[in-house]
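Enquirer: compute the structure for the input listed below.
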Amino acid sequence: MCWMCNEKAGLVGSPERRKFLKTAGVFGAALATGGVGAVSSAGAQEPPIPKNEIGGDDALKRLMDGNKRYVEGNISPADFQSTRAALAAGQNPFAAILGCADSRVAPELAFDTGRGDLFVVRVAGNVVTPEGLASLEFCVDVLGTQLIMVLGHEKCGAVKAAISSVQSGNQFPGHIQTLVELLRPPVQQAQAEKGDILVNAIKANVQWGTTALQQASPILDKHFKAGTLKVVGGVYDLDTGKVTLVT
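Expert: Here you go, the predicted structure:
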């Protein structure tokens, strides 16, 4: 039975969930040092795009500058052919995005980036899952990426479903309810705040995600504490395309 089918699966932020994230982190560390790391060392090659090797602050500036171009309609022309050969030899993305699966939000476009620039993990509600965490651990520990952005978005359907479940007790079919349960804590937090509950819950969900990744042991928290990883949150506006940073 998969972890999502287990009714006792803990929530991000709860003691059970933190214990699970720690276990998942151990698995990711084994991949990075014993499995993936060994393969990487055996076939080590020069980074295909050296300019991508930048620190967290510079990576964030690059993201936000790209989003500004996107909002203004000044996006860079796509040139897949010139980078195809280099990217066939390897990858070194300058930033990772944990985003929602919503078809209206495409990080590579929203930040005006090319292939190989972003390591994107997408799941409805941009929640932290074991698979997503392992993917981000690989990106940081093996590929050397120093920035992760948790990217929520305006009018998120997954967060709306969680609000409906919390306020009215609605239950959803299949595995959807399991996803909704992961969103329950930020929704409950938003209930106690003034203003629009959906807006507040989307922001709170991003904050929960960034905190979970900053504290995820034994890989991400190590890099975060050492200053070699920056974890930030952002919310994408569907009407304008603008990404606003969440603190």
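Enquirer: drop to CA atoms for contacts and neighbour counts, all remaining ones
Expert: OK.
Enquirer: I'd say residue 71 and residue 242 touch.
Expert: Yes: with contact defined as CA atoms under 8 Å, residue 71 counts as touching residue 242 (6.0 Å).
Enquirer: between these two, which one's more packed in?
Expert: residue 242 (21 against 16; other CA atoms under 10 Å).
Enquirer: check contacts around that one.
Expert: Taking CA atoms under 8 Å, 6 or more residues apart in numbering, we find residue 242 in contact with 67, 68, 71, 110, 236.
Enquirer: please save the CA atoms from stretch 75-83 in CSV.
Expert: Extracted in CSV, the C-alpha atoms of stretch 75-83 (Å, rounded to 0.1, in the frame of the first residue of the first chain):
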residue,chain,number,x,y,z
ILE,A,75,10.5,37.4,-22.9
SER,A,76,13.6,36.1,-24.5
PRO,A,77,13.2,34.2,-27.8
ALA,A,78,13.5,30.4,-27.4
ASP,A,79,16.6,28.9,-28.9
PHE,A,80,16.5,25.2,-28.3
GLN,A,81,19.1,24.2,-30.9
SER,A,82,22.0,26.1,-29.4
THR,A,83,21.7,24.4,-26.0
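Enquirer: buried residues, that stretch. List them.
Expert: Of the residues in stretch 75-83, residue 75 count as buried by neighbour count, 16 or more other CA atoms under 10 Å.
Enquirer: re earlier: overlap in contacts of residue 71 and residue 242?
Expert: With CA under 8 Å, 6+ apart, residue 71 and residue 242 have common neighbours residue 110.
Enquirer: picking that back up, so which of the contacts of residue 242 sit within helices?
Expert: 67, 68, 71, 110 (DSSP state H).
Enquirer: highest neighbour count among these?
Expert: If you rank those by neighbour count (other CA under 10 Å), residue 67 sits at the top with 26 neighbours.
Enquirer: residue contacts, that one?
Expert: 110, 111, 112, 241, 242, 243.
Enquirer: hmm, try it at 10 Å
Expert: 61, 73-75, 107-113, 236, 241-244 (CA atoms under 10 Å, 6 or more residues apart in numbering).
Enquirer: so the residue most central in space within the chain, which of the three states?
Expert: Residue closest to the mean C-alpha point of the chain, counted by CA atoms, centre = their mean, is residue 98 at 1.4 Å. Following DSSP: H, G, I helix; E, B strand; the rest coil, we place residue 98 in the strand state.
Enquirer: close enough to count as contact, it and residue 123?
Expert: Yes: using CA atoms under 10 Å, residue 98 is in contact with residue 123, at 7.9 Å.
Enquirer: got any residues that touch both of those two?
Expert: By CA under 10 Å, 6+ apart, the residues touching both residue 98 and residue 123 are residue 132.
Enquirer: what is the neighbour count of residue 170?
Expert: With other CA under 10 Å as criterion, residue 170 counts 12.
Enquirer: check the gap between it and residue 94 for me.
Expert: 41 Å (CA to CA, to the nearest Å).
Enquirer: now do residue 243
Expert: Taking CA to CA, one finds residue 243 at 18 Å from residue 94.
Enquirer: ok, the two, which is more surrounded?
Expert: Taking other CA under 10 Å, residue 243 and residue 94 do not tie; residue 94 has more neighbours (30 against 22).
Enquirer: grab the nearest non-local neighbour of that one.
Expert: residue 52 (4.8 Å; CA to CA, 6 or more residues apart in numbering).
Enquirer: got it, and residue 177?
Expert: residue 171 (6.3 Å).
Enquirer: surely the one you found and residue 179 touch.
Expert: No: if you go by CA under 10 Å, residue 171 and residue 179 don't touch, sitting 11.2 Å apart.
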